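Student: task: produce atomic coordinates for the following.
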Amino acid sequence: MKKRCFLLLFYLNTLFVFSQVGIGTTSPDVSSILDLNSTSKGFLLPRLTLAERNSIATPAKGLLIFNTDANEIQINSGTTLIPIWTSPGSLAFSNGLTFSSGIVKLGGTLTANTVIDHGNNNLTCTTGTGRLIANGNFETTGAVYAKVRKITALPIAWQADDYIMNITVANAQNITLPDPTLNAGRVLLIRNNSVQAGASGSYAYITYIPVNNGSVLASRAQMLVSDGISWFIVAGL
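Tutor: Residues are numbered from 1 along each chain as shown. Model prediction:
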C-alpha cells in the first residue's frame, strides 16, 4: 500500500515538474503544452456530425473539431454562449481581396462602398517606375500633393516620377524635355525660377518642343501634357 502511494505521489509530482508533454518525442518544444511527433502517423481530431457539434454544451472559444457533414475542420471563433463555427480553409475573400497560393492579395472587385480611415498616418505606395492607374473617375475632397524637384544645373536628368520641376538656374537657358511618345498622358509642370538663382532669363525648349510655345519666361510656370505624339502647354502660356 505504501509503495502504491509513493508511486502515485511520484507520478503527480512529475506532472507538476514537467510543463510540456511529448508523444513520439522525448524533448517536447518548450513553447508547447503538448508536442506530437511522428513520421508515419497523423493527429486525428474528434469527428462529429453537424447535430453532434451543435449539441456540445458551452463549447470553448477555440474548440477544434472535424465536421463530417461539411467535410472540414471547424473552430469555434465565437463564444461559449454564441458559438460561431468557421473553417480555417474556407475563408471567403471579397471586396477587393483575393486569395491565391496561400497568400491574401489586394486586388479584385469592390462589392461595397469602402472607407479607409488613415487618421494622421500616410498611405505610401513605393512603386518604383510603376504607375498607380485609375481606370475611371478620381475624386478627392482634400489637398493633392506631388513630387517637387529643384533643378540647379542643366540639362535635366529626367526621372520616371518627375512632375513639378522648379528650375533654378541663372540667365537664359535651354531645356530638354523627355520623349512624348514614351510618356503618353504624362503631365509636367515647369517653373522658371532663374531670378532666385541671381539673374533672370527665359528658358527655351530645344528638344520635343511643345507645339504651342517654345519657351517659358522668367518667374512663370507652364503645365505640359503629352498626347503620345507631342507636348502641349495647357496652362501658363
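
Student: with only the CA atoms kept, save stretch 128-146 in CSV.
Tutor: The C-alpha coordinates for stretch 128-146 follow below in CSV (Å, rounded to 0.1, in the frame of the first residue of the first chain):
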residue,chain,number,x,y,z
GLY,A,128,9.4,52.5,-58.4
THR,A,129,8.8,53.1,-62.1
GLY,A,130,5.4,51.6,-61.9
ARG,A,131,2.2,53.6,-62.1
LEU,A,132,-0.9,53.8,-59.9
ILE,A,133,-3.6,53.6,-62.6
ALA,A,134,-7.3,54.5,-62.1
ASN,A,135,-9.4,53.4,-65.0
GLY,A,136,-12.3,55.6,-64.0
ASN,A,137,-13.1,58.8,-62.2
PHE,A,138,-10.9,60.1,-59.5
GLU,A,139,-12.2,62.4,-56.8
THR,A,140,-10.6,64.0,-53.8
THR,A,141,-12.1,66.1,-51.0
GLY,A,142,-8.6,67.1,-49.7
ALA,A,143,-5.4,68.6,-50.9
VAL,A,144,-3.3,66.9,-53.6
TYR,A,145,0.4,66.8,-53.2
ALA,A,146,3.1,66.0,-55.9
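
Student: any weak-confidence spans in this protein?
Tutor: For the chain, the stretches flagged by pLDDT under 70 are 1-19, 89-92, 101-102, 127, 237.

Student: would you mind giving the domain segments of this protein?
Tutor: As given by automatic domain parsing, the domain ranges for the chain are 44-109, 148-235.

Student: can you lay out these as CSV showing mean neighbour count?
Tutor: (C-beta placed from N, C-alpha, C; glycine too.) As requested, the domains of the chain are exported to CSV (neighbours: other CB atoms under 10 Å):
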stretch, mean neighbour count
domain 44-109, 12
domain 148-235, 16
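
Student: turn the ones you listed into TSV, columns for distance to Asn137.
Tutor: Output for the domains of the chain, formatted as TSV (distance: least, CB to CB, whole Å):
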stretch	distance to Asn137
domain 44-109	17
domain 148-235	16
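
Student: closest to Val21 out of those?
Tutor: With CB to CB, the closest approach to Val21 among the domains of the chain belongs to domain 44-109: 17.2 Å.

Student: run the chain-centre distance for the closest one.
Tutor: Remark: domain 44-109 is offset 26 Å from the chain centroid, using CA atoms, centre = their mean, to the nearest Å.

Student: same thing with stretch 27-38?
Tutor: A distance of 35 Å separates the centroid of the chain from that of stretch 27-38, by CA atoms, centre = their mean.

Student: which residues sit against that stretch?
Tutor: 19-25, 43 (CB atoms under 8 Å, 6 or more residues apart in numbering).

Student: can you do 7 Å?
Tutor: Applying CB atoms under 7 Å, 6 or more residues apart in numbering, the contact partners of stretch 27-38 are 20-25, 43.

Student: and Phe66, helix, strand or coil?
Tutor: Per DSSP: H, G, I helix; E, B strand; the rest coil, the local secondary structure of Phe66 is strand.

Student: list the contacts of the nearest residue to it once chain neighbours are set aside.
Tutor: Leaving out its chain neighbours, the residue that sits closest to Phe66 by CB to CB, 6 or more residues apart in numbering is Leu45, at 4.4 Å. By CB under 7 Å, 6+ apart, the residues touching Leu45 are 64-66, 73.
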